[in-house]
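J.: sequence? don't have it. structure:
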């Protein structure tokens, strides 16, 4: 296990030990940061699509401008998630 993998494992263990309210606050903090939010969206898309068959890169390029490949659709979906945060 690399140093970064070990660090990630410690972080994940600590995150899982938090209460639901505390986990929500951490997630909310992450999603408020634009770059982190984009990374989360990318990871969610990868997770959702990893069982799809591979396709040639040229085919992807031809289809990338279609609406269902548009990143704003994913951002719209993610914006509907509500976290149990009390202010």
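T.: Arrived safely. Every value quoted in this text rests on a predicted model; they were computed, and no experiment measured them.
J.: tell me the centre residue of the protein?
T.: residue 40 (2.2 Å; C-alpha atoms, centre = their mean).
J.: how many neighbouring residues does residue 2 have?
T.: Residues lying near residue 2 (other C-beta atoms under 10 Å) number 7. Heads up, the C-betas are built off the backbone N, CA and C, glycines and all.
J.: tell me which helix or strand the residue of the chain most remote from its centre sits in.
T.: Distance from the centre of the chain peaks at residue 58, with 25.6 Å (C-alpha atoms, centre = their mean). Per DSSP states H and E: residue 58 is located in helix 57-63.
J.: flag every buried residue along that helix.
T.: Neighbour counts over helix 57-63 (16 or more other C-beta atoms under 10 Å) mark no residue as buried.
J.: okay, residue 53: pLDDT?
T.: According to the prediction, residue 53 has pLDDT 89.
J.: what's it sitting at in phi/psi?
T.: When read as degrees, to the nearest 10, the backbone of residue 53 gives phi -70, psi 150.
J.: any idea how far it lies from residue 35?
T.: To residue 35, residue 53 is 30 Å away according to C-beta to C-beta, to the nearest Å.
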